[in-house]
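sequence first, predicted model second:
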Amino acid sequence: MASRFVQRLSGALGIAFGTGAGVFLVDGRPDGAAIACVGAVAAALAAMGRGDQGIAAARHAGPDANVLLGEVLDVIAEPVLLVRGGVVTCANTAARALLGRHIVGEDVRVAIRHPAAADRLTSGAALPGRPVELVGLGTPDQRWEMRTGETADGARIVHLVDQSGNYAAEKMRVDFVANASHELRTPLASILGFIETLNEEAGEDPGLRRRFLDVMFAEARRMQRLVEDLISLSRIEAEKYRLPGERLSLSELLEDVAAEIAAAHSPRAQDVGVTIEPDLPEVVGDEAQLSQLLHNLIGNAMKYGRAGSPVTVVLGLDPSNLLRLTVSDEGEGIAPQHIPRLTERFYRVDPGRSRSVGGTGLGLAIVKHIVERHRGRLDIVSRVGIGTSVTVALPPADALAEAGVIKG
(Lines give C-alpha, C1' and ligand atoms only; values in the text may rest on other atoms or scores of the structure.)
Protein backbone atom coordinates (compact mmCIF):
# COMPACT_ATOMS: atom_id res chain seq x y z
CA MET A 1 0.00 0.00 0.00
CA ALA A 2 1.46 3.39 -0.99
CA SER A 3 2.07 5.78 1.88
CA ARG A 4 1.22 9.43 1.83
CA PHE A 5 4.91 10.15 1.32
CA VAL A 6 5.06 7.92 -1.75
CA GLN A 7 2.00 9.59 -3.25
CA ARG A 8 3.42 13.10 -2.79
CA LEU A 9 6.88 12.11 -3.99
CA SER A 10 5.62 10.37 -7.12
CA GLY A 11 3.41 13.35 -7.95
CA ALA A 12 6.27 15.81 -7.57
CA LEU A 13 8.64 13.64 -9.56
CA GLY A 14 6.03 13.36 -12.29
CA ILE A 15 6.22 17.15 -12.70
CA ALA A 16 10.00 17.02 -12.73
CA PHE A 17 10.01 14.23 -15.33
CA GLY A 18 7.64 16.16 -17.58
CA THR A 19 9.87 19.22 -17.42
CA GLY A 20 13.03 17.25 -18.20
CA ALA A 21 11.38 15.35 -21.01
CA GLY A 22 10.20 18.62 -22.48
CA VAL A 23 13.78 19.86 -22.69
CA PHE A 24 14.81 16.56 -24.33
CA LEU A 25 12.13 16.74 -27.03
CA VAL A 26 12.50 20.41 -27.86
CA ASP A 27 16.22 20.15 -28.49
CA GLY A 28 15.88 16.80 -30.23
CA ARG A 29 18.91 15.41 -28.41
CA PRO A 30 19.72 14.11 -24.94
CA ASP A 31 20.05 17.04 -22.55
CA GLY A 32 21.69 17.14 -19.10
CA ALA A 33 18.49 18.26 -17.40
CA ALA A 34 16.55 15.37 -18.90
CA ILE A 35 19.21 12.86 -17.86
CA ALA A 36 19.24 14.28 -14.32
CA CYS A 37 15.47 14.06 -14.22
CA VAL A 38 15.55 10.40 -15.25
CA GLY A 39 18.09 9.80 -12.51
CA ALA A 40 15.83 11.44 -9.91
CA VAL A 41 12.86 9.38 -11.05
CA ALA A 42 14.96 6.22 -10.92
CA ALA A 43 16.06 6.93 -7.36
CA ALA A 44 12.48 7.61 -6.36
CA LEU A 45 11.24 4.41 -8.00
CA ALA A 46 13.86 2.45 -6.11
CA ALA A 47 12.74 4.04 -2.85
CA MET A 48 9.07 3.51 -3.60
CA GLY A 49 9.00 -0.04 -4.86
CA ARG A 50 12.55 -1.19 -5.58
CA GLY A 51 11.22 -2.85 -8.71
CA ASP A 52 13.51 -4.06 -11.50
CA GLN A 53 12.87 -1.00 -13.67
CA GLY A 54 13.64 1.39 -10.83
CA ILE A 55 16.87 -0.39 -9.91
CA ALA A 56 18.09 -0.47 -13.49
CA ALA A 57 17.34 3.23 -14.00
CA ALA A 58 19.04 4.17 -10.72
CA ARG A 59 22.27 2.50 -11.82
CA HIS A 60 22.41 4.74 -14.93
CA ALA A 61 21.37 7.98 -13.18
CA GLY A 62 23.35 11.08 -13.98
CA PRO A 63 25.57 12.85 -11.40
CA ASP A 64 23.04 15.66 -10.95
CA ALA A 65 20.22 13.31 -9.92
CA ASN A 66 20.56 13.97 -6.20
CA VAL A 67 20.54 17.73 -6.76
CA LEU A 68 17.28 17.53 -8.67
CA LEU A 69 15.87 15.06 -6.16
CA GLY A 70 16.63 17.56 -3.39
CA GLU A 71 14.67 20.23 -5.25
CA VAL A 72 11.78 17.86 -5.71
CA LEU A 73 11.79 16.85 -2.04
CA ASP A 74 11.35 20.51 -1.09
CA VAL A 75 7.82 20.25 -2.50
CA ILE A 76 6.96 17.83 0.31
CA ALA A 77 5.63 19.55 3.42
CA GLU A 78 6.97 16.92 5.83
CA PRO A 79 10.66 16.46 6.74
CA VAL A 80 12.56 14.12 4.36
CA LEU A 81 16.30 13.31 4.43
CA LEU A 82 18.63 11.29 2.18
CA VAL A 83 21.42 9.47 4.06
CA ARG A 84 24.51 7.87 2.48
CA GLY A 85 27.13 6.09 4.56
CA GLY A 86 25.59 7.39 7.75
CA VAL A 87 25.85 11.03 6.57
CA VAL A 88 22.95 13.31 5.60
CA THR A 89 23.51 14.23 1.96
CA CYS A 90 20.17 15.87 1.25
CA ALA A 91 17.42 17.39 3.41
CA ASN A 92 14.32 19.23 2.30
CA THR A 93 13.19 22.59 3.67
CA ALA A 94 10.92 21.04 6.30
CA ALA A 95 13.74 18.82 7.60
CA ARG A 96 16.16 21.75 7.86
CA ALA A 97 13.51 23.81 9.68
CA LEU A 98 12.96 20.99 12.20
CA LEU A 99 16.51 19.76 12.73
CA GLY A 100 18.61 22.79 11.75
CA ARG A 101 20.11 24.09 8.51
CA HIS A 102 23.49 22.57 9.45
CA ILE A 103 22.35 18.93 9.20
CA VAL A 104 23.46 18.40 5.57
CA GLY A 105 26.91 16.82 5.75
CA GLU A 106 26.48 15.73 9.39
CA ASP A 107 26.36 12.24 10.81
CA VAL A 108 22.69 11.23 10.89
CA ARG A 109 23.03 10.36 14.59
CA VAL A 110 23.90 13.99 15.26
CA ALA A 111 21.21 15.35 12.93
CA ILE A 112 18.46 13.22 14.54
CA ARG A 113 19.45 13.00 18.18
CA HIS A 114 17.32 10.08 19.23
CA PRO A 115 18.49 6.57 20.24
CA ALA A 116 15.67 4.79 18.38
CA ALA A 117 16.50 6.66 15.16
CA ALA A 118 20.20 5.87 15.50
CA ASP A 119 19.46 2.19 16.04
CA ARG A 120 17.33 1.99 12.90
CA LEU A 121 19.66 3.97 10.62
CA THR A 122 22.96 2.41 11.69
CA SER A 123 21.90 -1.17 12.36
CA GLY A 124 22.44 -2.37 8.80
CA ALA A 125 19.05 -4.07 8.86
CA ALA A 126 17.07 -4.29 5.64
CA LEU A 127 14.77 -1.35 5.00
CA PRO A 128 11.94 -0.43 5.07
CA GLY A 129 10.86 -1.66 8.50
CA ARG A 130 8.20 -0.76 10.98
CA PRO A 131 7.88 2.99 11.66
CA VAL A 132 9.88 4.22 14.65
CA GLU A 133 8.25 6.56 17.18
CA LEU A 134 10.36 9.57 18.16
CA VAL A 135 9.47 11.91 21.03
CA GLY A 136 11.04 15.32 21.63
CA LEU A 137 12.18 16.42 18.16
CA GLY A 138 11.41 20.10 17.66
CA THR A 139 9.65 20.59 21.01
CA PRO A 140 9.43 18.27 24.04
CA ASP A 141 5.75 17.55 23.37
CA GLN A 142 6.05 16.71 19.67
CA ARG A 143 5.75 13.09 18.58
CA TRP A 144 7.06 11.92 15.23
CA GLU A 145 6.88 8.70 13.26
CA MET A 146 10.08 7.92 11.35
CA ARG A 147 9.60 5.87 8.17
CA THR A 148 12.59 4.61 6.23
CA GLY A 149 13.32 3.28 2.77
CA GLU A 150 16.38 2.37 0.72
CA THR A 151 17.43 3.24 -2.83
CA ALA A 152 19.09 0.82 -5.24
CA ASP A 153 22.56 2.27 -4.57
CA GLY A 154 22.25 1.87 -0.80
CA ALA A 155 21.16 5.37 0.19
CA ARG A 156 18.53 5.60 2.87
CA ILE A 157 15.47 7.83 2.74
CA VAL A 158 14.14 9.08 6.07
CA HIS A 159 10.60 10.47 6.25
CA LEU A 160 9.33 12.11 9.46
CA VAL A 161 5.57 12.34 9.99
CA ASP A 162 4.24 14.59 12.76
CA GLN A 163 1.81 12.54 14.85
CA SER A 164 1.43 15.12 17.66
CA GLY A 165 -2.14 15.99 16.67
CA ASN A 166 -3.20 12.35 16.46
CA TYR A 167 -1.60 11.59 19.82
CA ALA A 168 -3.27 14.60 21.46
CA ALA A 169 -6.65 13.62 20.01
CA GLU A 170 -6.27 10.04 21.22
CA LYS A 171 -5.22 11.21 24.69
CA MET A 172 -8.21 13.54 24.80
CA ARG A 173 -10.52 10.68 23.82
CA VAL A 174 -9.09 8.38 26.49
CA ASP A 175 -9.30 11.09 29.16
CA PHE A 176 -12.85 11.94 28.11
CA VAL A 177 -14.03 8.34 28.39
CA ALA A 178 -12.31 7.93 31.76
CA ASN A 179 -13.74 11.17 33.15
CA ALA A 180 -17.25 10.53 31.85
CA SER A 181 -17.20 7.02 33.31
CA HIS A 182 -16.07 8.37 36.67
CA GLU A 183 -18.65 11.12 36.72
CA LEU A 184 -21.46 8.66 35.98
CA ARG A 185 -20.16 5.91 38.26
CA THR A 186 -20.13 8.07 41.42
CA PRO A 187 -23.84 9.01 41.53
CA LEU A 188 -24.83 5.59 40.25
CA ALA A 189 -22.96 3.91 43.12
CA SER A 190 -24.76 6.19 45.59
CA ILE A 191 -28.17 5.35 44.15
CA LEU A 192 -27.49 1.61 44.22
CA GLY A 193 -26.23 1.83 47.79
CA PHE A 194 -29.33 3.66 49.00
CA ILE A 195 -31.65 1.23 47.18
CA GLU A 196 -29.89 -1.67 48.89
CA THR A 197 -30.26 0.05 52.27
CA LEU A 198 -33.95 0.80 51.71
CA ASN A 199 -34.56 -2.84 50.87
CA GLU A 200 -33.38 -3.67 54.36
CA GLU A 201 -34.67 -2.43 57.71
CA ALA A 202 -33.97 1.26 56.96
CA GLY A 203 -36.89 1.27 54.55
CA GLU A 204 -39.34 0.91 57.39
CA ASP A 205 -38.45 4.30 58.89
CA PRO A 206 -40.51 6.99 57.03
CA GLY A 207 -38.11 9.82 57.91
CA LEU A 208 -35.01 7.92 56.89
CA ARG A 209 -36.72 6.65 53.74
CA ARG A 210 -37.66 10.22 52.78
CA ARG A 211 -34.09 11.44 53.28
CA PHE A 212 -32.64 8.59 51.24
CA LEU A 213 -35.12 9.16 48.42
CA ASP A 214 -34.19 12.86 48.33
CA VAL A 215 -30.51 11.96 47.97
CA MET A 216 -31.30 9.40 45.28
CA PHE A 217 -33.36 11.97 43.37
CA ALA A 218 -30.53 14.53 43.57
CA GLU A 219 -27.98 11.99 42.31
CA ALA A 220 -30.28 10.90 39.48
CA ARG A 221 -30.76 14.55 38.45
CA ARG A 222 -26.99 14.99 38.49
CA MET A 223 -26.60 12.07 36.08
CA GLN A 224 -29.37 13.49 33.91
CA ARG A 225 -27.63 16.88 33.71
CA LEU A 226 -24.36 15.19 32.83
CA VAL A 227 -25.92 13.12 30.04
CA GLU A 228 -27.74 16.20 28.70
CA ASP A 229 -24.48 18.19 28.68
CA LEU A 230 -22.64 15.36 26.93
CA ILE A 231 -25.31 15.17 24.23
CA SER A 232 -25.32 18.96 23.88
CA LEU A 233 -21.53 19.10 23.56
CA SER A 234 -21.60 16.34 20.93
CA ARG A 235 -24.19 18.21 18.86
CA ILE A 236 -22.31 21.51 19.07
CA GLU A 237 -19.04 19.86 18.00
CA ALA A 238 -20.79 18.18 15.07
CA GLU A 239 -21.88 21.62 13.80
CA LYS A 240 -18.65 23.39 14.72
CA TYR A 241 -17.67 24.33 11.17
CA ARG A 242 -21.16 25.28 9.98
CA LEU A 243 -21.99 28.91 10.71
CA PRO A 244 -25.62 29.41 11.80
CA GLY A 245 -27.80 31.13 9.24
CA GLU A 246 -30.28 32.94 11.48
CA ARG A 247 -30.11 36.63 12.36
CA LEU A 248 -31.21 37.43 15.88
CA SER A 249 -31.04 40.10 18.55
CA LEU A 250 -28.65 39.15 21.33
CA SER A 251 -30.17 41.97 23.41
CA GLU A 252 -33.63 40.41 23.30
CA LEU A 253 -32.22 36.96 23.98
CA LEU A 254 -30.36 38.23 27.06
CA GLU A 255 -33.54 39.88 28.34
CA ASP A 256 -35.42 36.58 27.93
CA VAL A 257 -32.73 34.63 29.79
CA ALA A 258 -32.67 37.18 32.62
CA ALA A 259 -36.45 36.88 32.92
CA GLU A 260 -36.21 33.07 33.04
CA ILE A 261 -33.60 33.24 35.82
CA ALA A 262 -35.77 35.66 37.81
CA ALA A 263 -38.86 33.46 37.32
CA ALA A 264 -36.98 30.40 38.64
CA HIS A 265 -36.77 32.10 42.07
CA SER A 266 -33.15 31.07 42.58
CA PRO A 267 -31.74 32.29 45.91
CA ARG A 268 -29.30 34.48 43.97
CA ALA A 269 -31.63 35.65 41.21
CA GLN A 270 -31.98 39.09 42.81
CA ASP A 271 -28.18 39.53 42.70
CA VAL A 272 -28.12 39.46 38.88
CA GLY A 273 -27.89 42.91 37.28
CA VAL A 274 -28.16 43.23 33.48
CA THR A 275 -27.04 46.28 31.49
CA ILE A 276 -27.69 46.41 27.72
CA GLU A 277 -26.53 49.26 25.48
CA PRO A 278 -29.25 50.57 23.12
CA ASP A 279 -29.44 49.95 19.36
CA LEU A 280 -27.07 47.01 19.22
CA PRO A 281 -26.71 45.22 15.86
CA GLU A 282 -27.97 41.72 15.26
CA VAL A 283 -25.71 38.66 15.25
CA VAL A 284 -25.80 35.50 13.17
CA GLY A 285 -26.49 32.72 15.62
CA ASP A 286 -28.22 29.61 16.82
CA GLU A 287 -30.82 30.83 19.31
CA ALA A 288 -30.84 27.65 21.41
CA GLN A 289 -27.04 27.55 21.66
CA LEU A 290 -26.66 31.24 22.49
CA SER A 291 -29.37 30.87 25.14
CA GLN A 292 -27.43 27.94 26.58
CA LEU A 293 -24.24 30.05 26.57
CA LEU A 294 -25.99 32.83 28.52
CA HIS A 295 -27.49 30.39 31.04
CA ASN A 296 -24.11 28.70 31.57
CA LEU A 297 -22.15 31.92 32.10
CA ILE A 298 -24.71 33.59 34.37
CA GLY A 299 -25.34 30.32 36.22
CA ASN A 300 -21.61 29.87 36.88
CA ALA A 301 -21.33 33.41 38.24
CA MET A 302 -24.28 32.78 40.57
CA LYS A 303 -22.82 29.47 41.78
CA TYR A 304 -19.27 30.58 42.39
CA GLY A 305 -19.77 34.20 43.48
CA ARG A 306 -20.12 34.96 47.17
CA ALA A 307 -23.67 34.88 48.52
CA GLY A 308 -25.26 38.33 48.35
CA SER A 309 -22.55 39.73 46.03
CA PRO A 310 -23.58 41.17 42.66
CA VAL A 311 -23.47 39.25 39.38
CA THR A 312 -22.93 41.85 36.66
CA VAL A 313 -23.95 41.19 33.05
CA VAL A 314 -23.06 43.84 30.46
CA LEU A 315 -23.78 43.70 26.71
CA GLY A 316 -22.45 46.38 24.39
CA LEU A 317 -20.11 47.22 21.51
CA ASP A 318 -16.34 47.27 21.95
CA PRO A 319 -14.00 49.68 20.07
CA SER A 320 -13.61 47.18 17.21
CA ASN A 321 -17.44 47.03 16.76
CA LEU A 322 -17.80 43.50 18.11
CA LEU A 323 -20.70 42.71 20.40
CA ARG A 324 -19.12 42.15 23.78
CA LEU A 325 -20.87 40.25 26.57
CA THR A 326 -19.18 40.31 29.98
CA VAL A 327 -20.36 38.34 32.99
CA SER A 328 -18.60 39.14 36.28
CA ASP A 329 -18.88 37.79 39.80
CA GLU A 330 -17.32 38.63 43.15
CA GLY A 331 -16.05 35.34 44.48
CA GLU A 332 -12.93 33.45 45.43
CA GLY A 333 -11.40 33.92 41.99
CA ILE A 334 -9.20 31.48 40.07
CA ALA A 335 -5.42 31.12 40.30
CA PRO A 336 -3.60 31.95 37.02
CA GLN A 337 -2.34 28.40 36.42
CA HIS A 338 -5.90 27.07 36.17
CA ILE A 339 -7.27 29.61 33.66
CA PRO A 340 -5.85 28.02 30.43
CA ARG A 341 -7.53 24.71 31.32
CA LEU A 342 -10.95 25.96 32.38
CA THR A 343 -12.55 25.09 29.04
CA GLU A 344 -11.29 21.48 29.10
CA ARG A 345 -13.94 18.83 29.58
CA PHE A 346 -14.40 17.88 33.25
CA TYR A 347 -11.63 20.20 34.43
CA ARG A 348 -12.44 21.65 37.84
CA VAL A 349 -10.45 24.01 40.02
CA ASP A 350 -12.17 22.60 43.13
CA PRO A 351 -13.88 19.27 42.26
CA GLY A 352 -15.66 18.97 45.62
CA ARG A 353 -17.16 22.45 45.47
CA SER A 354 -18.15 22.09 41.82
CA ARG A 355 -20.10 18.91 42.49
CA SER A 356 -21.72 20.36 45.61
CA VAL A 357 -23.23 23.22 43.57
CA GLY A 358 -24.40 20.89 40.81
CA GLY A 359 -21.67 21.45 38.22
CA THR A 360 -20.96 18.80 35.58
CA GLY A 361 -17.52 20.09 34.55
CA LEU A 362 -18.73 20.66 30.99
CA GLY A 363 -20.26 24.15 31.17
CA LEU A 364 -17.28 26.17 29.95
CA ALA A 365 -16.35 23.51 27.39
CA ILE A 366 -19.83 23.96 25.91
CA VAL A 367 -19.43 27.76 26.00
CA LYS A 368 -16.08 27.52 24.21
CA HIS A 369 -17.47 25.41 21.36
CA ILE A 370 -20.53 27.64 20.96
CA VAL A 371 -18.29 30.71 20.72
CA GLU A 372 -16.06 29.02 18.16
CA ARG A 373 -19.03 28.01 16.04
CA HIS A 374 -20.24 31.63 16.05
CA ARG A 375 -16.77 32.89 14.96
CA GLY A 376 -16.31 34.68 18.27
CA ARG A 377 -13.68 34.98 20.99
CA LEU A 378 -13.74 33.86 24.62
CA ASP A 379 -11.65 35.51 27.33
CA ILE A 380 -11.48 34.71 31.06
CA VAL A 381 -9.89 37.06 33.59
CA SER A 382 -9.76 36.31 37.29
CA ARG A 383 -8.10 37.58 40.46
CA VAL A 384 -7.87 35.43 43.54
CA GLY A 385 -10.06 36.81 46.33
CA ILE A 386 -11.73 39.37 44.05
CA GLY A 387 -13.68 37.55 41.35
CA THR A 388 -13.89 36.39 37.76
CA SER A 389 -15.00 38.00 34.50
CA VAL A 390 -15.84 36.00 31.37
CA THR A 391 -16.09 37.91 28.10
CA VAL A 392 -17.54 36.73 24.80
CA ALA A 393 -17.03 38.83 21.66
CA LEU A 394 -19.20 38.09 18.61
CA PRO A 395 -19.10 39.72 15.15
CA PRO A 396 -22.26 41.58 14.02
CA ALA A 397 -24.24 39.99 11.20
CA ASP A 398 -23.57 42.93 8.85
CA ALA A 399 -19.80 42.57 9.31
CA LEU A 400 -19.99 38.88 8.33
CA ALA A 401 -22.12 39.78 5.31
CA GLU A 402 -19.61 42.42 4.18
CA ALA A 403 -16.77 39.93 4.53
CA GLY A 404 -18.68 37.46 2.37
CA VAL A 405 -18.96 34.89 5.16
CA ILE A 406 -22.76 34.94 4.91
CA LYS A 407 -25.22 36.20 2.36
CA GLY A 408 -26.41 39.72 2.97
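All right, it came through fine.

which neighbouring elements make contact with the strand or helix carrying G193?
G193 is located in helix 164-198, with elements delineated by DSSP states H and E. Counting by 3 or more Cβ pairs under 8 Å, 6 or more residues apart in numbering; DSSP states H and E, the packing neighbours recorded for helix 164-198 are strand 143-150, helix 206-238. For glycine as for every other residue, the C-beta is placed from the backbone atoms N, C-alpha and C.

winner for burial among these?
Among those, judged by mean count of other Cβ atoms under 10 Å, the one packed with the most neighbours on average is strand 143-150 (a mean of 20).

which strands border that one, and is each parallel or antiparallel?
With DSSP bridges as the criterion, the sheet partners recorded for strand 143-150 are strand 132-135 (antiparallel), strand 156-162 (antiparallel).

next, format those strands as JSON lines and append mean neighbour count and distance to N300.
Written out in JSON lines, the entries for these read as follows (neighbours: other Cβ atoms under 10 Å; distance: least, Cβ to Cβ, whole Å):
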{"stretch": "strand 132-135", "mean neighbour count": "16", "distance to N300": "37"}
{"stretch": "strand 156-162", "mean neighbour count": "22", "distance to N300": "36"}
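
wait, which of these is closest to G85?
Among the strands paired with strand 143-150, strand 156-162 comes nearest to G85, with 9.6 Å by Cβ to Cβ.

name the residues that touch the closest one?
Residues outside strand 156-162 that contact it (Cβ atoms under 8 Å, 6 or more residues apart in numbering): 3-5, 47, 78-84, 95, 98, 108, 112, 121, 127, 131, 134, 137, 142-151.

ok, which stretches of this protein are helices?
4-27, 32-48, 52-59, 65-73, 93-99, 108-111, 115-122, 164-198, 206-238, 250-263, 287-304, 351-356, 363-373, 397-402 (DSSP state H).

on that earlier part again, if you average pLDDT over each of the strands paired with strand 143-150, which is lowest?
For these, the bottom mean pLDDT is recorded on strand 132-135, which sits at a mean of 85.

list the contacts of it.
The list of residues contacting strand 132-135 from outside it, by Cβ under 8 Å, 6+ apart, reads 112, 114, 116-117, 120, 142-146, 148, 160, 163.

hmm, back to that, for the helix holding G193, buried residues please.
Judged by neighbour count using 16 or more other Cβ atoms under 10 Å, the buried positions of helix 164-198 are Y167, N179, A180, E183, P187, S190, I191, F194, L198.

for G404, grab the count of nearby residues.
Counted with other Cβ atoms under 10 Å, the neighbours of G404 add up to 8.

phi and psi next, for it.
Backbone torsions for G404, taken as degrees, to the nearest 10, come to phi 80, psi 10.

just the pLDDT for it.
pLDDT at G404 comes out at 76.

cool, and T343?
Listed pLDDT for T343 reads 92.

and it, what is it in contact with?
With contacts defined as Cβ under 8 Å, 6+ apart, the neighbours of T343 are L364, A365, V367, K368, L378.

tell me which of the strands paired with strand 143-150 sits nearest to V274.
Evaluated with Cβ to Cβ, those place strand 156-162 nearest to V274, the distance being 46.9 Å.

picking that back up, just the buried members of the contacts of T343?
Buried members of the contacts of T343, counted by 16+ other Cβ under 10 Å: L364, A365, V367, K368, L378.

list the contacts of the closest residue to the last one other than its chain neighbours.
Take L378 and drop its neighbours on the chain: the residue closest to it by Cβ to Cβ, 6 or more residues apart in numbering is V371, 4.6 Å away. Contacts for V371 were tallied using Cβ under 8 Å, 6+ apart; they are L293, R377, L378, V392, L394.
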